[in-house]
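Undergrad: One predicted model, sequence on top.
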Amino acid sequence: MTLKSAVMSAWLFTLSAVVVLAQAPRQVSLVITNGIVVTVDGGNRVIDSGAVAIDGTDIVAVDTTENVRRQFRGRQTIDAAGQVVMPGLVNTHTHAPMVLYRGLADDLALDQWLTKYIFPAEAKTVSPEFVRAGTRLAALEMIESGTTTYADMYYFEEEIAKETKAAGLRGVLGQTVIQFPVADAKTPAEGLARAERFIQAFKNDPLITPAVAPHAIYTNDSATLKAARELSTRLGVPTLIHVAETQSEAMTAKERGSPTVVSYLDSIGFLGPGVVAAHAVWVNESDIAVLKARRVGVSHNPESNMKLASGIAPVTAYLAADVAIGLGTDGAASNNDLDMFGAMRAASFLQKVATSDPTALSATAAVRMATIGGARALGMDKQIGSLEPGKRADVIIVSMSATRQTPMYDPLSHLVYVTRGDDVQTTIVNGRVLMRDRKVLTLDRAAVVRDAKKWAAGVSAAVAR
């Protein structure tokens, strides 16, 4: 062999090796294949035999199974044949530890429910240990029913953050600020100081977004509301607040010189980007325009609003105005569960009957509210809420094999009108599998339930006294 031919052979061999290497699939941490992929992207794509490739915390590809297999090889794989693969659900309003008050007081109006039962029960039972046990139970319920991100408002929020992080969930967690003495703060000033310490401890955490949570206008004066908003603005974190949940709340606004709750909050400079208004039921056209202009997120809680007879939020008007609106369950003491599939179904049905229009809030719209809509309301739509390359890998896999799910013509219809939380098989947050094939991997289910039952006995005794 001449030198020239030897060089040519070596060059061809190298070129062949490069071509083979270029064609080899890239190794990633996890590939989900063969699923009905509901992307909730800008085009609402549904991929019948789809796949999602995840590397570390991120989604790197969403395509047909054939195309993804050609490009990626997972260190782990999940075959989702016959199941729906979709973004994790985003619960925009909860009080997680209140699962320990589930069923404590039912069939009451909000003011009676709060003042005669919930506030007294909290005064006797809430402690860091209570909050930790309640958060673990709530986290277990959310993982099992497909919620991957939730917004919370309660006491000892640093304990909620620790348990949320340990369970692997994503949380926007607000330290409550309230006018009267509560378990973790005797004054609003103490509540604000606690909120600041909490924010400094968890700011820039990959899973926890700390927030300030002034409870409502009827439980805080103007000075406290302004101070809470100033704190969250100064530290660059969200502000969570109940807004216009009931008609009686509007009386407080009128006593302070404003016709509505929204106009009152706007008059004191409270509203702006980063504010998440829970409920927002009793609003008018002008209020909706203000919420849109101030870029406020809204959390619609249909089941809690119905159960407490608080009213029906004008969801179709919010959507028409392009207000950032998502779904929430509220606390399990007033719902009485954290199942976001139930919230989707209730939201859709409620808008249909409220507007006398069966086309109001379609299944597709309800799914979007529970995913990308909620992410947008929380200011997180660039990171979560849809299955798209570059977003965090918050993904759930939902079985469609139950008798009540058979036959299936439209997966979006089934997700809203048929499916329940316990149809969720696998829950993934930030690329980490929290539950696979109904087995929760980050919590000891038996221990969590056993601990919750112990606390329930204490709650019953405290309320009876």
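TA: Perfect, I can see it now.

Undergrad: Extract the C-alpha set from stretch 112-120 and format it as PDB.
TA: C-alpha atoms of stretch 112-120 as PDB (Å, rounded to 0.1, in the frame of the first residue of the first chain):
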ATOM      1  CA  GLN A 112     -69.200  31.200  59.900                       C
ATOM      2  CA  TRP A 113     -66.800  28.500  58.800                       C
ATOM      3  CA  LEU A 114     -63.700  30.600  59.500                       C
ATOM      4  CA  THR A 115     -64.700  32.400  62.700                       C
ATOM      5  CA  LYS A 116     -66.600  29.600  64.500                       C
ATOM      6  CA  TYR A 117     -64.600  26.600  63.500                       C
ATOM      7  CA  ILE A 118     -61.300  27.000  61.600                       C
ATOM      8  CA  PHE A 119     -59.700  30.000  63.400                       C
ATOM      9  CA  PRO A 120     -60.500  28.500  66.900                       C
END
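
Undergrad: and L110, what does it touch?
TA: Residues near L110 by Cβ atoms under 8 Å, 6 or more residues apart in numbering: 245-246, 308, 310. Any C-beta I mention is one placed from the backbone N, CA and C, and that applies to glycine too.

Undergrad: And it, what's its pLDDT?
TA: Per-residue confidence (pLDDT) for L110: 79.

Undergrad: In the longest strand along the chain, which of the residues would be classed as buried?
TA: Under DSSP state E, the strand in the chain containing the largest number of residues is strand 26-38. Within strand 26-38, the residues that count as buried by 16 or more other Cβ atoms under 10 Å are 28-38.

Undergrad: related to what we said a few turns ago, so which of the contacts of L110 would you say is closest to T359?
TA: For the contacts of L110, the closest approach to T359 (Cβ to Cβ) belongs to S310, at 25.2 Å.

Undergrad: The closest one touches T246, doesn't it?
TA: Yes: applying Cβ atoms under 8 Å, one finds S310 in contact with T246, separated by 5.0 Å.

Undergrad: Tell me how many other residues surround R70.
TA: For R70, the neighbour count with other Cβ atoms under 10 Å is 12.

Undergrad: how far away is it from I54?
TA: According to Cβ to Cβ, to the nearest Å, R70 stands 17 Å off from I54.

Undergrad: now do G82
TA: Taken as Cβ to Cβ, the span from G82 to I54 is 20 Å.

Undergrad: quick one, which of those two is more surrounded?
TA: The neighbour count for G82 versus I54, taken as other Cβ under 10 Å, is higher for I54 (26 against 12).

Undergrad: Give the burial count for A333, as a bare number.
TA: That count, for A333 with other Cβ under 10 Å as the rule, works out to 23.

Undergrad: Oops, could you answer that again for E66 instead?
TA: The number of residues packed near E66 is 11, by other Cβ under 10 Å.

Undergrad: isn't there a helix covering L361?
TA: No: using DSSP: H, G, I helix; E, B strand; the rest coil, the assignment for L361 is coil, not a helix.

Undergrad: Skip the chain neighbours and tell me the closest residue to it.
TA: Excluding its sequence neighbours, the residue lying closest to L361 (Cβ to Cβ, 6 or more residues apart in numbering) is Q351, at 3.9 Å.

Undergrad: looking at it, the one you found is touching A317, isn't it?
TA: No: contact between Q351 and A317 fails when scored by Cβ under 8 Å: they sit 10.0 Å apart.

Undergrad: More neighbours: the two, which one.
TA: When neighbours are counted by other Cβ under 10 Å, Q351 and A317 differ, and Q351 comes out ahead with 26 against 16.

Undergrad: Quick check: which element contains that one?
TA: In the assignment (DSSP states H and E), Q351 maps to helix 340-355.

Undergrad: same deal with Q383?
TA: Applying DSSP H and E, one finds Q383 in no helix or strand.

Undergrad: Compute the number of surrounding residues for it.
TA: By other Cβ under 10 Å, the residues close to Q383 number 17.

Undergrad: circling back: need the contact list for the residue nearest to L361.
TA: Contacts of Q351 (Cβ under 8 Å, 6+ apart): 312, 315-316, 357, 360-361.

Undergrad: likewise Q27?
TA: Q27 is in contact with 72-75, counting by Cβ under 8 Å, 6+ apart.

Undergrad: Can I get the buried part of the residues you listed as one PyMOL selection?
TA: In PyMOL, a selection of the buried entries from those looks like this (16+ other Cβ under 10 Å):
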select buried, resi 72+74
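
Undergrad: any idea which of the contacts of Q27 is the one closest to G272?
TA: Nearest to G272 among the contacts of Q27: F72, at 41.8 Å, using Cβ to Cβ.

Undergrad: Ramachandran angles for A360?
TA: A360 adopts backbone torsions of phi -70, psi 140, taken as degrees, to the nearest 10.

Undergrad: For it, the count of nearby residues, please.
TA: Using other Cβ under 10 Å, A360 has 18 other residues around it.

Undergrad: phi, psi of G191?
TA: Backbone torsions for G191, taken as degrees, to the nearest 10, come to phi -60, psi -40.

Undergrad: Would you list the buried entries among the contacts of Q351?
TA: Buried residues within those, counting neighbours by 16+ other Cβ under 10 Å: 312, 315-316, 360-361.

Undergrad: is it possible to export the residues you listed to JSON lines including distance to L415 and pLDDT?
TA: Shown next, in JSON lines, are these (distance: Cβ to Cβ, whole Å; pLDDT from 0 to 100):
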{"residue": "I312", "distance to L415": "23", "pLDDT": "98"}
{"residue": "V315", "distance to L415": "18", "pLDDT": "98"}
{"residue": "T316", "distance to L415": "20", "pLDDT": "98"}
{"residue": "A360", "distance to L415": "18", "pLDDT": "98"}
{"residue": "L361", "distance to L415": "14", "pLDDT": "98"}
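
Undergrad: Just name the closest of those to P238, please.
TA: Closest to P238, out of all of the buried ones among the contacts of Q351 and judged by Cβ to Cβ, is V315, at 21.4 Å.

Undergrad: That closest one touches A347, doesn't it?
TA: Yes: using Cβ under 8 Å, V315 is in contact with A347, at 6.6 Å.

Undergrad: overlap in contacts of those two?
TA: Common neighbours of V315 and A347 (Cβ under 8 Å, 6+ apart) are 300, 361, 369.

Undergrad: what bridges to the first one?
TA: As for beta bridges, H300 partners with L327 under DSSP bridges.

Undergrad: so it touches A313, yeah?
TA: Yes: assessed by Cβ under 8 Å, H300 is found in contact with A313 at 5.2 Å.

Undergrad: Fine, thanks again, bye for now.
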